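Peer 1: attaching a predicted model along with its sequence, questions to come.
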Amino acid sequence: MQRLTEIAPGVLVATAGYATTTTTVVTAAGGGCLVIDPAVTVADLSALAAELAGRGLRPRAGFATHPHWDHVLWSRELGAVPRYAAPAALAVITASRQEMIAAAGQTAPGHDLALFADLVALPGGATHIPWDGPAAQVIVHDGHAPGHGAVFLPGTGVLVAGDMLSDIEIPLLDTAAREPLGEYRAGLRRLAEVPGVRWLVPGHGHVTGAAGFRRRVEADTEYLDRLAAGRPFTDPRAATGWQRDWHDRQLRKVTGSS
């Protein structure tokens, strides 16, 4: 894992080797911090905990943007703190916990399963993560997964987008949803309408500024428009490998072909 880099005052981002996965840390007065999506390997989390300690930071809360295995990890070295997620995300975890554990074991074995996805739901009606640091607004939608919760930090203009708005991944629809294309469009629209975004942190990919944020909104909108047209097309982010396969799966889902 790369070392934490400050992208805005009090907002630090580290990037893991696996799938260019980001971890975001928001600092508070007195040395506390909020950790969003700590990932990915046991060694990554150990290095993250060591660097936080070296900076005099102690986690006070955690947040998982959505219910996929690489976003619900934790380590005892990070401390026993409340770790939040949207209620709909918790419902998915309850239903698919064993499948998620199996997926984690294949790619990043050795995690403490007592801590795996040990999350609590945001309080009913809450629009912000309940912690004693900078305001962290949660924007919940079902675009990529049920209960996907992006985090916007209005004090610095940082949008932690979860698995949305990536420069290295196509829009990955929840193909099990009743209306995967419509739900993704709705989620993308909600993020596009967030006012005052100055920095974008995708769950996988590279941090970008306000202009890059707009470009990614446009690129993903164009992708969804082409998908809706139901005709084969290419996207440079899905030229080969699993993304090509997922793209083909999404195209079949939208067109209703086998």
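Peer 2: Structure received. Numbers count the residues shown, from 1 in each chain.
Peer 1: just the buried residues of the lowest-mean-pLDDT helix or strand in the chain, please?
Peer 2: Sorted by mean pLDDT, DSSP states H and E, the helices and strands of the chain end with helix 241-255, the least confident at a mean of 93. The neighbour-count criterion (16 or more other C-beta atoms under 10 Å) identifies 243, 246, 247, 250, 251, 253, 254 as the buried residues of helix 241-255. Just so you know, the C-beta spots here come from the backbone N, C-alpha and C atoms, and that holds for glycine as well.
Peer 1: quick check: closest non-adjacent residue to residue 112.
Peer 2: Nearest-residue entry for residue 112: residue 76, 6.4 Å, with adjacent residues in sequence omitted and distances by C-beta to C-beta, 6 or more residues apart in numbering.
Peer 1: from residue 111, how far off is the one you found?
Peer 2: For residue 76, the distance to residue 111 (C-beta to C-beta, to the nearest Å) stands at 11 Å.
Peer 1: can you map out the helices along the chain?
Peer 2: Listed in chain order, the helices of the chain (DSSP state H) span 42-54, 87-107, 180-192, 210-229, 241-255.
Peer 1: between those helices, which one is nearest to residue 133?
Peer 2: Proximity to residue 133 (C-beta to C-beta) singles out helix 42-54 among these, at 13.8 Å.
Peer 1: how about that closest one: buried residues?
Peer 2: Of the residues in helix 42-54, those buried by neighbour count under the rule 16+ other C-beta under 10 Å are 44, 45, 47, 48, 49, 51, 52.
Peer 1: if I look at the fifth one, how far off is residue 74?
Peer 2: When you say that, I think you mean residue 49. Applying C-beta to C-beta, the value for residue 49 to residue 74 is 10 Å.
Peer 1: and the gap between residue 221 and residue 165?
Peer 2: Distance, residue 221 to residue 165, by C-beta to C-beta: 11 Å.
Peer 1: what sits in contact with each of these two?
Peer 2: Counting by C-beta atoms under 8 Å, 6 or more residues apart in numbering, the common neighbours of residue 221 and residue 165 are residue 188.
Peer 1: looking at these two, which is more packed in?
Peer 2: More neighbours surround residue 165 than the other of residue 221 and residue 165, with 27 against 15 (other C-beta atoms under 10 Å).
Peer 1: skipping its backbone neighbours, what lies nearest that one in space?
Peer 2: Sequence neighbours aside, residue 216 is the residue nearest to residue 165 in space, at 4.4 Å (criterion: C-beta to C-beta, 6+ apart).
Peer 1: show me what contacts the one you found?
Peer 2: With the criterion set at C-beta under 8 Å, 6+ apart, residue 216 makes contact with 165, 166, 167, 200, 202, 208.
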